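Peer 1: Below are the sequence and a predicted model; questions follow.
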Amino acid sequence: MTRKVMGQNVWLAFGLSLVLIALAIFGVLDPLTGAICQSLAVLAVAGNSVVDASARSTPLRRASRRWRAATAGAYDGRHARMAP
């Protein structure tokens with residue numbers, strides 16, 4: 001997770017919580033609805049992280065990781081030497 005996404009998540013959680021607290025203070029939200037909305041806010045923050053993680057994992061990067069894993073240890077250094 002990048003610093004940008006972590007910052008987005010902090011401000012997203014802070015902003016949503018602030019709005020929900022204000023609505024609860026003025027009596028717009030009852031406790032049960034407030035709890036449900038807070039849970040949805042947590043899911044929104046988690047979803048923001050998942051979207052970032054999937055965006056960073058492009059098909060080319062996944063294929064590159066699979067190739068590196070499949071060929072790990074295949075090069076032992078003998079190919080770099082010249083025959084005598």
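Peer 2: Everything's here; your move. In this text, all values refer to a predicted model and were calculated from it rather than measured experimentally.
Peer 1: got any ranges where the protein has weak pLDDT?
Peer 2: Across the chain, the ranges flagged by pLDDT under 70 are 1, 52-84.
Peer 1: Which helix runs longest in it?
Peer 2: Longest helix in the chain, counting residues (DSSP state H): helix 31-56.
Peer 1: so what does that one touch, helix or strand wise?
Peer 2: Packing partners of helix 31-56 (3 or more CB pairs under 8 Å, 6 or more residues apart in numbering; DSSP states H and E): helix 3-25. C-betas here are computed from N, CA, C, even on glycine.
Peer 1: Kindly provide the distance from residue 4 to residue 37.
Peer 2: As defined by CB to CB, to the nearest Å, residue 4 lies at a distance of 26 Å from residue 37.
Peer 1: Who has more neighbours out of the two?
Peer 2: Neighbours per residue (other CB atoms under 10 Å) separate residue 4 from residue 37, with residue 37 holding more: 17 against 9.
Peer 1: ok, residue 9 - contacts?
Peer 2: Counting by CB atoms under 8 Å, 6 or more residues apart in numbering, residue 9 touches 45, 48-49.
Peer 1: And those residues, which of them are buried?
Peer 2: Neighbour-count burial (16 or more other CB atoms under 10 Å) is assigned, among those, to 45, 48.
Peer 1: mind exporting stretch 17-26 as CSV, just the C-alpha atoms?
Peer 2: Output of stretch 17-26 as CSV, limited to C-alpha atoms (Å, rounded to 0.1, in the frame of the first residue of the first chain):
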residue,chain,number,x,y,z
SER,A,17,-16.8,9.5,10.9
LEU,A,18,-17.1,13.3,11.3
VAL,A,19,-20.2,13.4,9.2
LEU,A,20,-21.8,10.4,11.0
ILE,A,21,-21.0,12.0,14.4
ALA,A,22,-22.6,15.3,13.4
LEU,A,23,-25.7,13.5,12.1
ALA,A,24,-25.9,11.6,15.4
ILE,A,25,-25.6,14.8,17.5
PHE,A,26,-28.5,16.4,15.7
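Peer 1: I'd like to check what contacts it. Which residues are they?
Peer 2: Contacts of stretch 17-26 (CB under 8 Å, 6+ apart): 29, 31, 34, 37-38, 41.
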